[in-house]
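Enquirer: how would this look folded up:
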Amino acid sequence: MSDATRPDDATANIRREATANVPLAEHTTLRLGGPARRFVTARDTESLIAAVRAAEASEDPLLVLGGGSNLVVSDSGFPGTVVSVASTGIAVREDGDRTRVRVAAGEEWDPFVRWCVTEGLSGVESLSGIPGRVGATPIQNVGAYGQEVSETLVEVVAYDRDTGERRTLTNAECGFAYRDSVFKRSGRFVVCEVVFSLRRSPLSQPIAYAELARALDVEVGAQADLGKVRESVLRLRRGKGMVIDPDDPDSHSAGSFFTNPILSADAFAALRATVQRTLGPDVAPPAFPLEDGRVKTSAAWLIDRAGFAKGHALGPARISTKHTLALTNPGAATTADLLALARHVRDGVAERFGVTLVPEPVLVNTQF
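Expert: This next block holds a predicted model:
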C-alpha cells in the first residue's frame, strides 16, 4: 500500500472534504430537517468506506444518506457525520438465461428501472417511479404494485462496520421481510453495491397487483409489455402524488408513512368484529392472508375509515390530497408539525379500531 492510500491519510482527506452545518432539508423529499454537523459526499465505493471509517475514528454519530426519500429528520438536524452516497456505475454479466446487473449504491433508482426496461430486462418494472437510490432499496425491501426488490436481488456488497471489511451477503443472508431486512434492523452494514438477476424479455413478470392489472386491462397473473407496465405504474403513482414533482406539494412526502399492519389471525378477527360493529355488518377490512397464517390489512383503509380524509391537516402539515398514506409538507411545516400529524392519525386509528400503525420512514434524531 502506498503512502497516498494509507487509511489514516484517507481519513484526513475525508475530514478536509467535509462541509459543516449543511441543511438536511435540502437533501430530503419532505424538505424537512435541520443541519448536519458534518456532511461528506462519497462519489465511489472506496470513498464511501473511507468516510464511514473516518466517522468511526472520530467517534461521530453516523448517518448514511441516499436520496432522502424515506427519512424524517429532526428540526435540530443530526449531531454527527452525514455521508451522502453518490457512487455510480452499472455492470452487466450474462448468466445462462438470466442477466446479472451490479449497481453502485448511489445510482438513482428510477433511472435504473428505466434503463432496465429500455434494455429489455424484466423484474423491476413495477417498481417504477420510486424515489431514492439503489443502495436504499434492500434496506426497506422496497416494494410496490406486487413486486419487491428481494424477488430479483441476489447479492448485496456491504461494508461490515463490526469487522472493518467488505462483505458479500446473499439474498438469504439479507433477512428480507415485509419492508424489512438485516440492514434496517442494525447499523452494522453500509450498502455499497447491489446485484440483481433479471430476465431478458420484452414482457413483464406476472402482474400480481389488481389495480395495476386493471390499468393494463389484463388479468392478474398475466404478463404485459415492459414499457406499458412502466407507463401504467408511473401514471398510477402520479395520480397518488407518489412521483417527485417540484410543482406538486403532495409529492413533498416520504412516500407511504405507515406500513400495512400484519396481524395474527385472532387480531384480524377482532379488527373485523370491531369494523362490523362500528361501520356495519356488511363492512369488512381488506384481508391479504399470508402463508404463516397472519393477515395483512390496509393502513390506508383504516386511516380513511377512522375519519382522516385526503387533505386532512393539523397545523401546516397535512395528509396528501391524493393518497391517505402520505403525510406531506406543503411548504411551511416543520418536522415537529409532521410528527404531530402522524401521532394524531396513529392515535385516531388505534382508538377506533384497536390497531397501532407503525411508521415506515427512518426517523433520524427524533422519536414517534
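Enquirer: list the buried residues of stretch 300-315.
Expert: Ala300, Trp301, Leu302, Ile303, Asp304, Arg305, Ala306, Phe308, Lys310, His312, Leu314 (16 or more other C-beta atoms under 10 Å). For every residue, glycine as well, the C-beta is placed using N, CA and C.
Enquirer: how about stretch 202-221?
Expert: Leu203, Ser204, Gln205, Ile207, Tyr209, Leu212, Ala213, Ala215, Leu216, Val218.
Enquirer: tell me the pLDDT of the third one.
Expert: Yep, that's Gln205 we're talking about. At Gln205, the pLDDT value in this model is 97.
Enquirer: still on that earlier bit, which one of the buried residues of stretch 300-315 is nearest to Leu48?
Expert: Leu48 lies nearest to Ala300 out of those, by C-beta to C-beta, at 35.8 Å.
Enquirer: so which strand or helix has the closest one?
Expert: helix 299-305 (DSSP states H and E).
Enquirer: so which elements touch the helix or strand just after that helix?
Expert: Counting by DSSP H and E, the next helix or strand C-terminal to helix 299-305 is strand 313-314. Where contact means 3 or more C-beta pairs under 8 Å, 6 or more residues apart in numbering; DSSP states H and E, strand 313-314 is packed against helix 335-353.
Enquirer: what average pLDDT does the helix it packs on get?
Expert: 98.
Enquirer: what about dumping the CA coordinates of it to PDB?
Expert: Taking Å, rounded to 0.1, in the frame of the first residue of the first chain, the C-alpha atoms of helix 335-353 are listed here in PDB:
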ATOM      1  CA  THR A 335     -40.600  18.000  11.300                       C
ATOM      2  CA  ALA A 336     -42.400  18.600  14.700                       C
ATOM      3  CA  ASP A 337     -45.600  19.500  12.700                       C
ATOM      4  CA  LEU A 338     -45.400  16.400  10.600                       C
ATOM      5  CA  LEU A 339     -44.900  14.100  13.500                       C
ATOM      6  CA  ALA A 340     -47.700  15.700  15.400                       C
ATOM      7  CA  LEU A 341     -50.000  14.900  12.500                       C
ATOM      8  CA  ALA A 342     -48.600  11.300  12.300                       C
ATOM      9  CA  ARG A 343     -49.300  10.800  16.000                       C
ATOM     10  CA  HIS A 344     -52.800  12.300  15.600                       C
ATOM     11  CA  VAL A 345     -53.500   9.700  12.800                       C
ATOM     12  CA  ARG A 346     -51.900   6.800  14.600                       C
ATOM     13  CA  ASP A 347     -53.900   7.500  17.800                       C
ATOM     14  CA  GLY A 348     -57.100   8.000  16.000                       C
ATOM     15  CA  VAL A 349     -56.800   4.700  14.200                       C
ATOM     16  CA  ALA A 350     -55.900   2.900  17.400                       C
ATOM     17  CA  GLU A 351     -58.800   4.400  19.300                       C
ATOM     18  CA  ARG A 352     -61.300   3.500  16.500                       C
ATOM     19  CA  PHE A 353     -60.000   0.100  15.500                       C
END
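Enquirer: and it, what other elements does it pack with?
Expert: Using 3+ C-beta pairs under 8 Å, 6+ apart, helix 335-353 is in contact with strand 71-73, helix 265-279, helix 299-305, strand 313-314, strand 317-319, strand 326-328.
Enquirer: winner for burial among those?
Expert: Highest mean neighbour count of the helices and strands packed on helix 335-353: strand 326-328, a mean of 28 (counted as mean count of other C-beta atoms under 10 Å).
Enquirer: in its sheet, which strands sit next to it, and in what direction?
Expert: strand 253-256 (antiparallel), strand 317-319 (antiparallel) (DSSP bridges).
Enquirer: residues contacting it, please?
Expert: 30, 240-242, 249-257, 317-320, 338, 341-342, 345 (C-beta atoms under 8 Å, 6 or more residues apart in numbering).
Enquirer: one step back: out of the helices and strands packed on helix 335-353, which comes closest to Gly227?
Expert: strand 326-328 (26.6 Å).
Enquirer: so how far is the closest one from its chain's centroid?
Expert: Strand 326-328 sits 14 Å away from the centroid of its parent chain (C-alpha atoms, centre = their mean, to the nearest Å).
Enquirer: do the same with stretch 267-287
Expert: 30 Å.
Enquirer: what do you get for stretch 59-69?
Expert: Distance, centroid of stretch 59-69 to centroid of chain: 14 Å (C-alpha atoms, centre = their mean).
Enquirer: do me a favour and get the end-to-end distance for it?
Expert: Length of stretch 59-69, first residue to last, C-alpha to C-alpha, to the nearest Å: 27 Å.
Enquirer: what mean pLDDT does that stretch have?
Expert: Averaged over stretch 59-69, pLDDT sits at 95.
Enquirer: what of stretch 247-255?
Expert: On average, stretch 247-255 scores 93.
Enquirer: next: stretch 304-318.
Expert: Mean predicted lDDT for stretch 304-318 stands at 97.
Enquirer: follow-up on the earlier one: from the buried residues of stretch 202-221, which is closest to Phe189?
Expert: The closest of the buried residues of stretch 202-221 to Phe189 turns out to be Gln205 (C-beta to C-beta; 27.5 Å).
Enquirer: packing partners of the helix holding Ala300?
Expert: Helix 299-305 packs on helix 335-353, going by 3+ C-beta pairs under 8 Å, 6+ apart.
Enquirer: okay, now the domains of this structure?
Expert: 3-85, 90-239, 249-364 (automatic domain parsing).
Enquirer: ok, back up a step: now render the helices and strands packed on helix 335-353 as a markdown table, adding distance to Leu236.
Expert: Shown next, in a markdown table, are those (distance: least, C-beta to C-beta, whole Å):
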| stretch | distance to Leu236 |
| --- | --- |
| strand 71-73 | 24 |
| helix 265-279 | 26 |
| helix 299-305 | 14 |
| strand 313-314 | 25 |
| strand 317-319 | 19 |
| strand 326-328 | 14 |
